[in-house]
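Q: Fold the following and give me the result.
(one chain, ligands or ions: 1)
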Amino acid sequence: MAVFRESLMLDLNPEEVTATRARSKVTLVGIGQVGVACTVSILQANVADEIALVDIREEKLHREAAHLQHGGLFLNAPKILVDKDYSVTANSRLCAVAVGVHLREGESKHTLLERNVEAFKYIIPNLAKYSPDAVLLIVSNPVDILTYVAWKLSGFPKHRVIGTGTSPNSASFRSLLSEKLQINPSNIQGYIIGELGESSVAVWSGTNVAGVSLQDVDPSWDGDQELTRQIQRNIADSAKEAGSLRGETSWALGLSVANLVQAILKNLRTIHCVSTLATGLHGIEDEIFLSLPCILGSCGVCGILKQPLKETETRQLRSSAERLGAINKELRL
Ligand SMILES: NC(=O)c1ccc[n+]([C@@H]2O[C@H](COP(=O)([O-])OP(=O)(O)OC[C@H]3O[C@@H](n4cnc5c(N)ncnc54)[C@H](O)[C@@H]3O)[C@@H](O)[C@H]2O)c1
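A: Residues are numbered from 1 along each chain as shown. From the prediction side, this is the model:
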């Protein structure tokens, strides 16, 4: 083929053809329902010039990759590399982890978490070894705890370890509110913060439409409680499903992950509710990760918005932090 190539074209810099290093390589570990949705969404967003896919189920991994490669024409054909060996991930700018460890019959949530941590003890040091400057993006549940685990195991600075946290839920909050108000969600600013679970906090005090604060319109109004409950039910349902086979494809999560990847690789400095080290903020003392509005750019988390909260919102955040802190301490990392 090399001879044929020479007859077809004149390479001005032949070494460059083989030696060029990807500039925006993304790795995804765990190519199940969530991993596939993330991969397709990242490919569609056209932000990565190389994608490495890793999974322990080699046969499935190769089948998924073949489907993506066959559709390469429609995806601006970035290079797709697959292997269960982590050398394939070398020099990634961003590594996302979406592995899923499933609940066995009669198994407690605590034992499931311990098995997740065991899996991370292999995955994270390998990612750190081959891409020491990468940003780690954790998708696996329980996301706030596993992001803490990834931070500890990688030895990376806090700004380079992020969990998807409540970013998909903040997007669905804006979409649900947009349906009620009949206004495009891009004009609605609103955030779900805190732990991904039933105790997440809908920050109604900061919700606004094109700069018009909803609580300024009616100071006695305390938010749309029905909508808050709906969001918290959705989050609780997905948290309950953590560890059990979901069955459906997580497209909203995939799209949301691609949006975060884009912000980081393109250094957009846009604000997203992602899981970040929250020690020292809102009176939180423990080493815990939970979602706060973060400025995302090429360094990962470039900053955290100092969001004014009502007393009840701060109280909710702190009680999640206490619970997360107790679990993190038990892990002894
Ligand atoms: N953050 C969120 O909002 C959110 C929402 C939904 C699901 N999730 C989580 O995403 C994860 C994946 O869910 P899913 O539905 O895709 O599960 P899935 O079972 O469809 O896929 C999991 C994949 O991980 C692979 N895997 C397992 N252990 C591995 C290891 N040690 N190394 C490499 N690959 C490994 C499996 O082979 C499988 O392909 C779960 O933890 C789930 O709870 C997170």
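Q: quick one: low-confidence ranges for the protein?
A: Residue ranges of the chain with pLDDT under 70: 14-21, 77, 238-249.
Q: If we use 80, what do you get?
A: Residues of the chain meeting the criterion pLDDT under 80: 1-2, 11, 13-22, 75-78, 221-222, 232-249.
Q: for the closest residue to Gly155 other than its chain neighbours, what are its contacts?
A: Nearest non-adjacent residue to Gly155, counting by C-beta to C-beta, 6 or more residues apart in numbering: Ala128, 6.8 Å away. For the C-beta atoms, the positions are set from N, CA and C on the backbone; glycine is no exception. Contacts of Ala128 were listed using C-beta atoms under 8 Å, 6 or more residues apart in numbering, and they are Ala134, Leu153, Ser154, Gly155, Phe156.
Q: And for Ala252?
A: Pro168, Ala171, Ser172.
Q: Same check on Leu53?
A: Residues in contact with Leu53, defined by C-beta under 8 Å, 6+ apart, are Thr27, Leu28, Ile31, Gly35, Thr39, Leu61, Glu64, Ala65, Ile80, Leu81, Val82.
Q: Would you reformat the residues you listed as JSON lines and include distance to the ligand and secondary structure?
A: Shown next, in JSON lines, are the contacts of Leu53 (distance: C-beta to the nearest ligand atom, whole Å; DSSP: H, G, I helix; E, B strand; the rest coil):
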{"residue": "Thr27", "distance to the ligand": "11", "secondary structure": "strand"}
{"residue": "Leu28", "distance to the ligand": "10", "secondary structure": "strand"}
{"residue": "Ile31", "distance to the ligand": "5", "secondary structure": "coil"}
{"residue": "Gly35", "distance to the ligand": "6", "secondary structure": "helix"}
{"residue": "Thr39", "distance to the ligand": "11", "secondary structure": "helix"}
{"residue": "Leu61", "distance to the ligand": "8", "secondary structure": "helix"}
{"residue": "Glu64", "distance to the ligand": "9", "secondary structure": "helix"}
{"residue": "Ala65", "distance to the ligand": "12", "secondary structure": "helix"}
{"residue": "Ile80", "distance to the ligand": "16", "secondary structure": "strand"}
{"residue": "Leu81", "distance to the ligand": "15", "secondary structure": "strand"}
{"residue": "Val82", "distance to the ligand": "12", "secondary structure": "strand"}
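Q: Between those residues, which sits nearest Thr279?
A: Ranked by distance to Thr279 (C-beta to C-beta), the contacts of Leu53 are led by Thr27 at 27.7 Å.
Q: Mind listing the residues bridging to that closest one?
A: Note on Thr27: beta-bridge partners by DSSP bridges are Ala52, Cys95.
Q: coming back round to it: run through the contacts of Ala252 and flag the ones next to the ligand.
A: Subset of the contacts of Ala252 in contact with the ligand: Pro168, counting by C-beta under 6 Å from any ligand atom.
Q: Now tabulate the contacts of Ala252 in JSON lines and tack on neighbour count.
A: What follows is those, written out as JSON lines (neighbours: other C-beta atoms under 10 Å):
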{"residue": "Pro168", "neighbour count": "25"}
{"residue": "Ala171", "neighbour count": "20"}
{"residue": "Ser172", "neighbour count": "18"}
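Q: Give me the subset of the contacts of Ala252 that lies in helices.
A: Pro168, Ala171, Ser172 (DSSP state H).
Q: Can you name the residues that contact the second one?
A: So the one you mean is Ala171. Pro185, Ala252, Ser256, Asn259.
Q: want to throw the residues you listed into JSON lines with secondary structure?
A: What follows is the contacts of Ala171, written out as JSON lines (DSSP: H, G, I helix; E, B strand; the rest coil):
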{"residue": "Pro185", "secondary structure": "helix"}
{"residue": "Ala252", "secondary structure": "helix"}
{"residue": "Ser256", "secondary structure": "helix"}
{"residue": "Asn259", "secondary structure": "helix"}
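Q: are any of those residues buried, and which?
A: Buried by 16 or more other C-beta atoms under 10 Å: Pro185, Ala252, Ser256, Asn259, out of the contacts of Ala171.
Q: What ranges does the stretch 101-250 of the chain have for its helices?
A: In the stretch 101-250 of the chain, the helices defined using DSSP state H, counting those that start in this stretch lie at 109-130, 143-154, 167-181, 214-217, 225-241.
Q: among those helices, which is the most enclosed?
A: Of all the helices of the stretch 101-250 of the chain, helix 143-154 carries the top mean neighbour count, a mean of 24, counting by mean count of other C-beta atoms under 10 Å.
Q: Direction-wise, compare that helix with helix 225-241 and give the angle.
A: Per axes from the mean of the first three to the mean of the last three C-alpha atoms, to 10 degrees, the angle that helix 143-154 makes with helix 225-241 is 50 degrees.
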